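K.L.:
here you go, sequence then predicted model.
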Amino acid sequence: MEHIVPWMNHYGYIILFLSLLLELIALPIPGEPLMGYVGLLVFQGKMNWGLSILVACSGSIIGMTLAYWIGFALGAPFFHKYGHYIHLGPERLEKVSQWFNRYGNKLLVIAYFIPGVRHFTGYFSGINRLPFRTFALYAYTGALIWAGTVISLGKILGPQWEHFHLAIKKYLIIAGIVIAVAIVLYLLYKNNKARLKAITTTILTRIVHTFHSLGRVRFLVATIAAIGVILFIFMISLTEDFLTNEFKQFDEVVNVLVPLVFTSDWAGWMRLFAYAASWPALISVAVLSLGWIIVVKQNRSLEAFFLCFTFFGAKLFEEGLQRIFHHLSLALSHVEHPLYNFPSEHTLMVTVVYGFATFLLIRHLENPIVRMMIGTSFFLIEVLVGISHLYFELKYPSDIIAGYAFGGVWLSVNIVLLEINRLLRTTS
């Protein structure tokens, strides 16, 4: 890398293009660190962000395409006989073959993020006569995602790239997979609109039939119960990760990225978002919820009781959890969580209080557009409160996520209990 940097400083885009082209025909060139350095140059204003991604993507595409056609032309016998001279022997090809069997064509997207694999996927695709259109769809999509994410990350992190790029890499792979799946789904939709429309219509018809069979409220409660089960499983997983101290790297990465994405210009907005989790705001939402219960005039006493039980119970639930995890943290010598932070009080209470208010509104309102707007607003408030606490470094990222999970479980349990009691009152 140190030998390429001086050339990079003088010839910029040409060196970037050639380096990635040569790396993807299996020459030992550090393409990924080089793109991170390009991101740093973009951060310093010495290179253009969009043009850098375009050049890097072009070099990657041409290199991968050359590897494909070389593999296609020479075939498997050549590489089995002579491949070991260029690190493409039977063992390496077998390794890539196992990856293809496990992940399918999606490996062409994922492989860019995996050193030792991305260099050989082009050859392997050609050797195995993968149709070129299929190869191009996945490989070119992967090239764009790889170049865009690494250069953009270098631009965001700036001088901190060297310190954090290895820790961030595994999250890049996940992000790359998500983006790749989204792009592939879009392309599939574009090419199969009529068929997908028919399938979607059939599915929606079944959902509407189920909706009318169960009734709107029962359908809503069943959905909340299902979400509660998922959150409970997630909650168990978070607890296990906390007890085994698995959050350190994740917390470090998020704490670096948030202030780089949300600069000091966001301070005013972040204070507003953080206020949504303050006790005056939470109490105001609870009081307004009580007012809504009085206005609606349906099972007032039952809904008022569960509003109070959910609100005050959440506070006791949160304090109990924090004390338990605090003592467990001390017993297991987890110095990363010395205070009563896990799970986050603020995100847990926001999830419960705003979530219960959202449920009451959606349950009693008839207009589907208004219900959708209310539900969307709830999720936005949830996310923005979490980001604001990360912005001001009030909580660990893992604490905030745990607050969402534990709060979601408490909320869903109380909503289900409310509706069970409502049903019992109706039948009696």
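P.N.:
Nice, I can see it. The model shown is predicted, which means the values in this text are computed figures rather than measured ones.
K.L.:
quick one: the helices in the stretch 251-400 of the chain?
P.N.:
In the stretch 251-400 of the chain, the helices defined using DSSP state H, counting those that start in this stretch lie at 267-275, 279-296, 300-331, 345-364, 368-391, 397-427.
K.L.:
do you know which of those lies nearest W69?
P.N.:
Of all those, it is helix 397-427 that lies closest to W69, at 45.1 Å by C-beta to C-beta. Every C-beta, even on glycine, is put in place using the N, C-alpha and C of the backbone.
K.L.:
returning to that earlier point: single out the most deeply packed of the helices of the stretch 251-400 of the chain.
P.N.:
Ranked by mean neighbour count, those are led by helix 345-364 with a mean of 23 (mean count of other C-beta atoms under 10 Å).
K.L.:
let me know the angle separating it from helix 397-427.
P.N.:
Going by axes from the mean of the first three to the mean of the last three C-alpha atoms, to 10 degrees, helix 345-364 is angled at 30 degrees with respect to helix 397-427.
K.L.:
can you spell out which helices and strands pack onto helix 345-364?
P.N.:
helix 216-243, helix 279-296, helix 300-331, helix 368-391, helix 397-427 (3 or more C-beta pairs under 8 Å, 6 or more residues apart in numbering; DSSP states H and E).
K.L.:
can you put those helices in CSV and add mean pLDDT and distance to K46?
P.N.:
Putting the helices and strands packed on helix 345-364 into CSV (pLDDT from 0 to 100; distance: least, C-beta to C-beta, whole Å) gives the following:
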stretch, mean pLDDT, distance to K46
helix 216-243, 81, 41
helix 279-296, 93, 45
helix 300-331, 88, 45
helix 368-391, 91, 29
helix 397-427, 89, 32
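K.L.:
take the ones you listed and write them to CSV, including distance to L153.
P.N.:
Compiled in CSV, the helices and strands packed on helix 345-364 are given as follows (distance: least, C-beta to C-beta, whole Å):
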stretch, distance to L153
helix 216-243, 24
helix 279-296, 35
helix 300-331, 31
helix 368-391, 18
helix 397-427, 17
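K.L.:
and of these, who's closest to T149?
P.N.:
helix 397-427 (19.7 Å).
K.L.:
how far does that closest one sit from the chain's center?
P.N.:
In terms of C-alpha atoms, centre = their mean, to the nearest Å, the centre of helix 397-427 is set 24 Å apart from its chain centre.
K.L.:
show me what that helix is packed up against.
P.N.:
Short answer (3+ C-beta pairs under 8 Å, 6+ apart): helix 397-427 packs on helix 216-243, helix 248-261, helix 300-331, helix 345-364, helix 368-391.
K.L.:
right, so of the ones you listed, which gets closest to L423?
P.N.:
helix 216-243 (8.8 Å).
K.L.:
got the buried residues for that closest one?
P.N.:
L220, V221, I224, G228, L231, F232, F234, M235, L238, T239, F242 (16 or more other C-beta atoms under 10 Å).
K.L.:
kindly report the same for stretch 111-118.
P.N.:
A111, Y112, F113, V117, R118.
K.L.:
and for stretch 64-71?
P.N.:
For stretch 64-71, by 16+ other C-beta under 10 Å, it's M64, T65, L66, A67, Y68, I70, G71.
K.L.:
could you give the mean pLDDT of that stretch?
P.N.:
For stretch 64-71, mean pLDDT is 91.
K.L.:
circling back: out of the helices and strands packed on helix 345-364, nearest to K193?
P.N.:
Using C-beta to C-beta, the helices and strands packed on helix 345-364 put helix 368-391 closest to K193, at 24.3 Å.
K.L.:
and the longest helix along the chain, what's buried?
P.N.:
In the chain, with assignment by DSSP state H, the single longest helix is helix 49-82. Buried positions in helix 49-82, judged by neighbour count with 16+ other C-beta under 10 Å: 49, 52-68, 70-72, 74, 76, 79.
K.L.:
show me what that helix is packed up against.
P.N.:
Under the contact rule (3+ C-beta pairs under 8 Å, 6+ apart), helix 49-82 is packed against helix 4-23, helix 31-43, helix 90-103, helix 121-127, helix 132-157.
K.L.:
how far does that helix sit from the chain's center?
P.N.:
That offset, for helix 49-82, works out to 30 Å (C-alpha atoms, centre = their mean).
K.L.:
before we move on, what about stretch 34-50?
P.N.:
A distance of 25 Å separates the centroid of the chain from that of stretch 34-50, by C-alpha atoms, centre = their mean.
K.L.:
what does the average pLDDT come to for it?
P.N.:
Stretch 34-50 comes out at a mean pLDDT of 87.
K.L.:
could you do stretch 10-26 as well?
P.N.:
87.
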